[in-house]
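Visitor: Using only what follows, build the 3D model:
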Amino acid sequence: MATSKIVYTGELRTEATHIASGAKIITDAPVDNHGKGQAFSPTDLLATSLANCMLTVMGIAANTHSINMDGALAEVTKVMAAEPRRVSEIHLKLTMPPNNYSDKQKSILEHAGRTCPVAKSIHPDILQDIVFIW
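Guide: Next up is the predicted model:
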């Protein structure tokens with residue numbers, strides 16, 4: 001079964017529907033690429049997906065090891081390059097809630113995040129600059 005269905009709605013905007021849930025995501029071309037920038041751009045979603053995936057997989061590891069990481073926050077900065085236009089860097093700052101994590105817990109969570117499926121799927125030419133704030 002398909003994962004999603006995307007419709008081009010005009011004016012450099014798309015509407016993606018997640019087949020299983022019906023959830024929708026709107027994308028716009030960014031202002032610096034002829035768009036309105038009124039929603040995530042496709043490249044914003046690429047960078048944001050890394051943070052979402054990291055937090056999700058870290059959450060799985062946290063549940064497995066009885067670690068509370070509720071309230072963890074990721075800030076994403078995407079850097080574009082030209083010729084060809086592409087994402088060249090993704091900078092993530094993951095701020096963990098104050099839970100007095102042990103060194104072992106930190107290691108478990110960081111390893112889970114850094115090895116999430118999206119991190120492993122992004123081309124190695126794209127810099128993944130990931131900083132954990134404990």
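Visitor: elements contacting the lengthiest helix in the chain?
Guide: Taking DSSP state H as the criterion, the chain has its longest helix at helix 42-64. Applying 3 or more C-beta pairs under 8 Å, 6 or more residues apart in numbering; DSSP states H and E, one finds that helix 42-64 contacts strand 24-28, strand 73-81, strand 86-95, helix 103-114, helix 117-121. (Glycine included, C-beta is placed from N, CA and C.)
Visitor: Would you reformat those as JSON lines and include mean neighbour count?
Guide: Formatted as JSON lines, those follow (neighbours: other C-beta atoms under 10 Å):
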{"stretch": "strand 24-28", "mean neighbour count": "16"}
{"stretch": "strand 73-81", "mean neighbour count": "14"}
{"stretch": "strand 86-95", "mean neighbour count": "17"}
{"stretch": "helix 103-114", "mean neighbour count": "16"}
{"stretch": "helix 117-121", "mean neighbour count": "14"}
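Visitor: Make a markdown table out of those and add distance to residue 58 and mean pLDDT.
Guide: A markdown table is the format used below for the helices and strands packed on helix 42-64 (distance: least, C-beta to C-beta, whole Å; pLDDT from 0 to 100):
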| stretch | distance to residue 58 | mean pLDDT |
| --- | --- | --- |
| strand 24-28 | 22 | 97 |
| strand 73-81 | 10 | 98 |
| strand 86-95 | 8 | 98 |
| helix 103-114 | 5 | 98 |
| helix 117-121 | 11 | 98 |
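Visitor: need the contact list for the residue lying closest to residue 132 once chain neighbours are set aside.
Guide: Among residues not flanking residue 132 along the chain, residue 94 sits closest, at 5.1 Å (C-beta to C-beta, 6 or more residues apart in numbering). When contacts are counted by C-beta atoms under 8 Å, 6 or more residues apart in numbering, residue 94 touches 51, 54-55, 72-74, 113, 130-133.
Visitor: Can you select the buried ones from those in PyMOL?
Guide: The buried subset of the contacts of residue 94, as determined by 16 or more other C-beta atoms under 10 Å, is captured in PyMOL by this line:
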select buried, resi 51+54+55+72+74+113+130+132
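Visitor: Any chance of CSV for the contacts of residue 94, columns distance to residue 84?
Guide: Output for these, formatted as CSV (distance: C-beta to C-beta, whole Å):
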residue, distance to residue 84
51, 24
54, 27
55, 30
72, 34
73, 32
74, 27
113, 29
130, 25
131, 28
132, 32
133, 34
